[in-house]
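Engineer: the amino acid sequence is not available; the structure is as follows:
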């Protein structure tokens, strides 16, 4: 009888382990999806910084500016300050978002359409690609590395800012 109880306990524990493992990825995928959407809808530097890794290991490859790479909290914050300066009516639409995770590390890749009104009053409409590498920090998914880009017209060498990809 004792062997039967131990066997049943082991089967129940194994089933619980398998069920938990199988359901960890969808839960993490939903959490990362939420992070990506909250990040995209942030309208200030402070709101945006909440989704980045809190250490100086954070790196962003942005598509504009004199320096395409921003490494560390101070540099990322300065890039965001520059990007948010004077923008109004910011809206981001996900055209595509795909998330892959093993529960510890994650990759989120997306195509997004960004619209806003610039400081000069003119409309801005850019479709871009974004790849985020995330990891968990105190149980929360944080962006450790981000790469933002646009397609290039190989004939002219110019960025395709309005490409619908």
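Structural biologist: Right, received. Where do you want to start? Here the structure is a predicted model, which is why all the values come from computation and not from measurement. Residues are numbered from 1 along each chain as shown.

Engineer: how many residues are close by residue 37?
Structural biologist: 14 (other CB atoms under 10 Å). C-betas here are computed from N, CA, C, even on glycine.

Engineer: surely it is within a strand?
Structural biologist: No. Under DSSP: H, G, I helix; E, B strand; the rest coil, residue 37 falls outside any strand and is assigned helix.

Engineer: ok, now how distant is the nearest residue to residue 160 once chain neighbours are set aside from residue 159?
Structural biologist: Closest residue to residue 160 apart from its sequence neighbours, by CB to CB, 6 or more residues apart in numbering: residue 151 at 4.4 Å. According to CB to CB, to the nearest Å, residue 151 and residue 159 sit 8 Å apart.

Engineer: and those two? Which one has more around it.
Structural biologist: Set residue 151 next to residue 159 and count neighbours by other CB under 10 Å: residue 159 wins out with 16 against 13.

Engineer: the residue nearest to residue 160 touches residue 162, doesn't it?
Structural biologist: No. Judged on CB atoms under 8 Å, residue 151 makes no contact with residue 162 at a distance of 10.3 Å.

Engineer: strands of this structure, start to end?
Structural biologist: Assigned by DSSP state E, the strands in the chain fall at 59-61, 69-71, 88-101, 105-117, 123-137, 140-149, 152-153, 158-159.

Engineer: other SSEs contacting the second one?
Structural biologist: In this case it means strand 69-71. strand 59-61, helix 73-84 (3 or more CB pairs under 8 Å, 6 or more residues apart in numbering; DSSP states H and E).

Engineer: rerun at 6 Å
Structural biologist: With contacts taken as 3 or more CB pairs under 6 Å, 6 or more residues apart in numbering; DSSP states H and E, strand 69-71 sits against strand 59-61.

Engineer: what residues does the strand it packs on touch?
Structural biologist: The contact list for strand 59-61 (CB atoms under 6 Å, 6 or more residues apart in numbering) reads 68, 69, 70, 71, 76, 145, 146, 147.

Engineer: if you set the cut-off to 8 Å instead, what comes out?
Structural biologist: 52, 68-72, 75-76, 79, 144-149 (CB atoms under 8 Å, 6 or more residues apart in numbering).

Engineer: mind listing the strands it pairs with, and their directions?
Structural biologist: According to DSSP bridges, strand 59-61 has the following sheet partners: strand 69-71 (antiparallel), strand 140-149 (parallel).

Engineer: columns distance to residue 90, mean neighbour count and mean pLDDT on top of those strands, output as JSON lines?
Structural biologist: Converted to JSON lines, the strands paired with strand 59-61 look like this (distance: least, CB to CB, whole Å; neighbours: other CB atoms under 10 Å; pLDDT from 0 to 100):
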{"stretch": "strand 69-71", "distance to residue 90": "20", "mean neighbour count": "16", "mean pLDDT": "93"}
{"stretch": "strand 140-149", "distance to residue 90": "15", "mean neighbour count": "18", "mean pLDDT": "96"}
